[in-house]
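[1] Sequence and predicted structure, then a few things I'm wondering about:
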Amino acid sequence: MDAYNYQQLSQLLGETVQVSDQQGNQVDFKIAEVNKGQLDGEQWEAFSVIYTSDTPMNISQGTYRFSHQAFGEIDLFLSPNSAAEFETIVTRSRADKAQENS
């Protein structure tokens with residue numbers, strides 16, 4: 001999950017991410033926004049990513065696999081904001097990340 005971070009995703013604005021469910025259904029979403037969260041600071045990394053679809057679709061909230069060359073594959077919780085806009089929110093301790101890297 002290290003590669004799925006605010007800095008990396010900010011560089012991918014406008015790029016397409018492949019999203020799939022457990023049944024193997026796949027859709028392409030475009031990264032429309034990457035926003036820092038209120039908790040983002042020394043102790044916490046917090047950000048949200050807004051994804052959009054050119055085609056309105058009925059996707060329920062849940063865990064989906066996200067794939068992109070820049071961050072590989074990662075399972076994330078996705079929430080629909082509308083039929084064409086979807087969002088992931090990440091909040092994680094920077095201390096945990098530092099321990100993983102040591």
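    In hand now; what should we look at?
[2] Val27 touches Asp54, doesn't it?
    No - with contact defined as C-beta atoms under 8 Å, Val27 does not count as touching Asp54 (10.1 Å). Bear in mind the C-beta positions are built from the backbone N, C-alpha and C, glycine included.
[3] of the two, who's got more company?
    Between Val27 and Asp54, counting by other C-beta atoms under 10 Å, Val27 is the more crowded of the two (16 against 9).
[4] Look up the closest residue to that one, ignoring the ones flanking it.
    Val19 (5.4 Å; C-beta to C-beta, 6 or more residues apart in numbering).
[5] So which bits of the helix or strand containing that neighbour are buried?
    Here Val19, judged by DSSP states H and E, is contained in strand 16-20. Within strand 16-20, the residues that count as buried by 16 or more other C-beta atoms under 10 Å are 17, 19.
[6] any residues touching it, and which ones?
    For strand 16-20, contacts defined as C-beta atoms under 8 Å, 6 or more residues apart in numbering pick out 26-31, 51, 64-68, 78.
[7] Please, where are all the helices along this structure?
    Applying DSSP state H to the chain gives helices spanning 6-10, 94-101.
[8] Now the weakest link among the ones you listed, please, by mean pLDDT.
    Note on these: lowest mean pLDDT is at helix 94-101, with a mean of 64.
[9] still on that earlier bit, could you give the bridge partners of the residue nearest to Val27?
    Val27, Phe66 (DSSP bridges).
[10] Can I get the buried part of the contacts of strand 16-20 as one PyMOL selection?
    Burial among the contacts of strand 16-20 is assessed by 16+ other C-beta under 10 Å; the matching PyMOL selection reads:
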select buried, resi 27+29+31+51+64+66+68+78
